[in-house]
Structure formats: structure tokens, C-alpha cells
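# need a 3D model of the sequence below.
(one chain, ligands or ions: 2)
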Amino acid sequence: MWDQYGRHIHYLRISLTDACNLRCVYCMPEHMTFKRREELLTDEEILRLVRVFADLGVDKIRLTGGEPTIRPRLVELVRRIKSTPGIKELTMTTNGLLLPELALPLKQAGLDRVNISLDTLNPEKFRAITRWGRLEDVMAGIHAAEAAGLEPIKLNCVVTRGFNEEDVVDLARLTLIHPWEVRFIELMPFGDVADFAQSAVVPSRETRARIEAALGPLEEIPGYDLRDPARPFRLPGAQGRIGFIDTISNPFCEGCGRIRLTADGKLRLCLLRDREVDLLAPLRAGESDEALKRIIVDAVYHKPWGHGLARNIIPKERVMSQIGG
Ligand code: SAM
Ligand code: SF4
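Numbering: from 1, shown residues only. Ligands and ions are numbered 1, 2, ... in the order given. Now for the predicted structure:
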């Protein structure tokens with residue numbers, strides 16, 4: 001599929017649930033209400049849509065949420081998605097808490113690799129950011145993912161002023177001894193947490209300067225793929241990599257080939273734009289695969305060029321956990 005700006009769209013992120021076992025301050029309000037089960041896509045509905053998207057050329061899928069690992073029957077769902085003809089790569093973004101039990105079964109079911117969220121190596125700060133999470137559980141999850149071969153391991157760190165802007169140095173240091181990629185993400189504003197997010201953004205250039213002041217100059221790794229939001233760097237002598245996702249200060253919309261399917265069956269064309277196209281209603285109304293394909297192709301063609309944060313256009317309808325980050 002191609003959009004009207006000539007971007008090739010072949011990467012789908014599927015949110016398996018809007019619910020989560022944490023409540024990260026930048027992601028959702030503390031007293032979040034979640035969708036009822038009947039409002040969410042069933043396993044069979046997800047698999048049908050995966051077949052339809054694969055027929056349209058989608059070959060890369062990332063499972064996300066909310067927290068994807070809390071979805072019942074996840075391993076079987078992964079197995080069936082990965083065995084869909086045309087799907088070459090299946091990955092997941094997770095907070096890692098349940099990976100000690102799930103990493104190996106997920107790998108055996110066909111999951112290729114995971115991105116795990118980790119904002120600090122300080123247990124108290126971790127609890128403050130996630131509202132109750134235990135750092136040791138995430139670390140156990142990271143090691144379980146590595147032992148299961150869900151590699152290369154990528155760690156996502158959202159940098160939030162007042163919470164973890166100093167902690168980026170310790171996280172960057174991990175790449176000296178582990179072959180992991182640590183990616184520093186600029187905070188993005190959404191829905192109910194937009195005001196907080198806007199005031200707590202730490203620009204990537206500040207994060208980079210902090211890391212370089214402590215650990216030495218970063219060298220750029222050649223061969224950067226424009227479709228990857230994180231430009232890769234390395235600390236001198238490091239085993240792993242460092243990336244910066246500067247959505248706010250350096251938008252990468254030009255190379256964006258991503259579309260998202262929310263847990264309640266809406267096709268979201270840009271993370272930071274509220275425009276969505278409903279797939280759940282036509283699916284449940286018994287529309288044919290061909291009719292679904294027409295809706296999807298038309299929606300994708302009209303994928304917005306990029307976000308409007310610089311002009312203060314903020315996505316209001318959903319927070320990140322309801323979209324699928
Ligand atoms: N629960 C899983 C996790 O935390 O990795 C997957 C879903 S989570 C919404 C996906 C990613 O979005 C995480 O890396 C999270 O840190 C990031 N995220 C959440 N809210 C964000 C925000 N306001 N700005 C930037 N990134 C955000
Ligand atoms: Fe849950 Fe992930 Fe959002 Fe944190 S970032 S509240 S782990 S969905």
C-alpha cells in the first residue's frame with residue numbers, strides 16, 4: 001500500500017489491549033477506566049484483519065498495548081499471527097514484567113524480538129514513574145528475553161523532566177557491557193496527560209549532551225535506515241547502541257510507514273493525529289474481505305503527512321495506552 005505522499009505502508013502495530021498492569025505517569029491517569037471485553041477485537045477478528053492486511057502487503061507487525069502480555073491466550077495468538085502467509089517479522093513492545101514466564105513460549109511461538117520499556121535503573125524512581133512497578137521484575141524480564149533469544153533487545157526510555165532526566169547516563173552505560181540498544185524517547189502529549197507531557201519534555205539534544213559529558217562522544221553508526229525513528233549511535237568501545245527518538249524536536253514523518261490497529265478495532269493512521277477509521281463495525285456487520293480491503297486502502301492513502309505538535313495540534317481523544325505505542 002502507498003499513501004498519497006508516496007510512502008510505502010507495510011508495518012502494522014496492533015494493540016492487544018488498552019489495559020495494563022502499570023500506570024506510567026506519562027501514559028495514563030492513575031484512575032484509568034478500560035474498555036469492556038466486548039468492545040475489543042476478539043482473537044478471531046484480529047487474525048482475520050491480519051490476513052487482510054497481509055494480503056495488502058503488510059509484512060511486519062508489532063504487538064503492543066496497553067500491556068500486550070496480559071492478554072489471555074497470547075502465545076497461541078502469536079503463533080497464529082506469525083504463521084499468516086506474508087508476515088515476515090513479528091515483534092512486541094512490553095513493560096517486561098511477565099517475560100520471565102512468557103519469553104521462551106513466545107519465542108517458540110514465532111515472536112522475533114521485543115522492545116522493553118525501562119526509564120531508570122533506580123528502584124524508587126521506577127516505582128514513582130510506573131506508580132507501583134518493581135525494577136527487579138523488569139530486569140528479570142530483560143534477562144529472560146535475552147536467554148530466550150528475543151534479540152536484539154531494545155530498551156525504550158521515555159525521558160521525563162523531574163522524573164528521570166539524570167538517569168539517562170546509567171541507562172546509556174548499559175550498552176558498554178550488553179549488546180542492547182537503548183533508545184531515548186521524547187515525551188509526547190496525549191489526551192488527559194497532555195498538559196503534564198508538554199511541560200516535562202526533555203529535548204534529545206539535552207539527553208545526548210548529558211550522556212556525552214559523562215561517557216564520551218557518541219559516534220554515529222553508518223547505514224541509517226530512514227524508516228527507523230531512532231538514528232543509531234555508539235559509545236566508544238560499546239557492545240550495544242544508543243538511539244534517540246526525537247518526535248518533537250526532529251520529526252521523522254517523512255519516512256513513516258507505520259499504521260496502527262487499536263484494541264477496539266480502529267485503524268489509526270498517525271500516532272499523533274486523532275483521525276481514525278473504524279474496522280470493527282464493518283467486520284461485525286459481516287462485510288467481505290474485499291470490502292474491508294477497500295476501506296483500508298482508502299484510509300491508508302489518506303494517512304496524514306505528519307503531526308501538528310509545532311502548531312499545537314495535540315491528539316485529544318486517546319492516551320498512548322489506548323492507541324498502541
Ligand atoms: N506497555 C508496553 C510498554 O510500556 O512498553 C507497551 C505499550 S506502551 C504505550 C509503548 C511505549 O510507549 C512505551 O515505551 C512507553 O514508554 C511509551 N509511551 C507511553 N506514553 C508515552 C508518551 N506520552 N510519550 C512518549 N512515549 C510514551
Ligand atoms: Fe502500561 Fe506501557 Fe503505558 Fe506504562 S507505558 S502504563 S507499561 S501501557
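# which stretches of the stretch 51-200 of the chain form strands?
60-64, 89-94, 113-117, 154-159, 181-186 (DSSP state E, counting those that start in this stretch).
# give me the residues contacting the third one.
Okay, so that is strand 113-117. For strand 113-117, the external contacting residues (Cβ atoms under 8 Å, 6 or more residues apart in numbering) are 24, 91-96, 99, 103, 138, 141-142, 145, 150-158, 183. (Glycine included, C-beta is placed from N, CA and C.)
# do the same with stretch 171-185
115, 118, 120-121, 142, 151-159, 168, 204, 207-208, 211, 214-215, 230, 232, 234-235, 237-245, 247.
# and those near ligand 1, which?
156, 158 (Cβ under 6 Å from any ligand atom).
# skip ahead from whichever helix or strand R208 is part of and say which helix or strand is next.
R208 is located in helix 204-215, with elements delineated by DSSP states H and E. Going down the chain from helix 204-215, the next helix or strand is strand 219-220, by DSSP H and E.
# show me how far that following strand is from its chain's centre.
24 Å (Cα atoms, centre = their mean, to the nearest Å).
# same deal with stretch 25-45?
With Cα atoms, centre = their mean, you get 16 Å for stretch 25-45.
# please save the CA atoms from that stretch in PDB.
Output in PDB follows, covering the C-alpha atoms of stretch 25-45 (Å, rounded to 0.1, in the frame of the first residue of the first chain):
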ATOM      1  CA  VAL A  25       2.700   8.800  34.700                       C
ATOM      2  CA  TYR A  26       3.200  10.000  31.100                       C
ATOM      3  CA  CYS A  27       1.000   7.300  29.600                       C
ATOM      4  CA  MET A  28      -2.300   7.200  31.600                       C
ATOM      5  CA  PRO A  29      -4.000   8.900  34.500                       C
ATOM      6  CA  GLU A  30      -3.900   6.900  37.800                       C
ATOM      7  CA  HIS A  31      -7.600   6.100  37.800                       C
ATOM      8  CA  MET A  32      -7.900   4.900  34.200                       C
ATOM      9  CA  THR A  33     -11.000   3.100  33.000                       C
ATOM     10  CA  PHE A  34     -10.500   0.300  30.500                       C
ATOM     11  CA  LYS A  35     -12.700  -0.900  27.700                       C
ATOM     12  CA  ARG A  36     -15.100  -3.800  28.200                       C
ATOM     13  CA  ARG A  37     -14.200  -7.100  26.700                       C
ATOM     14  CA  GLU A  38     -17.000  -7.000  24.100                       C
ATOM     15  CA  GLU A  39     -15.600  -3.600  22.800                       C
ATOM     16  CA  LEU A  40     -12.300  -5.200  22.000                       C
ATOM     17  CA  LEU A  41     -11.300  -7.200  18.900                       C
ATOM     18  CA  THR A  42     -11.500 -11.000  19.600                       C
ATOM     19  CA  ASP A  43      -8.600 -13.300  18.600                       C
ATOM     20  CA  GLU A  44     -10.500 -14.400  15.500                       C
ATOM     21  CA  GLU A  45     -11.200 -10.800  14.500                       C
END
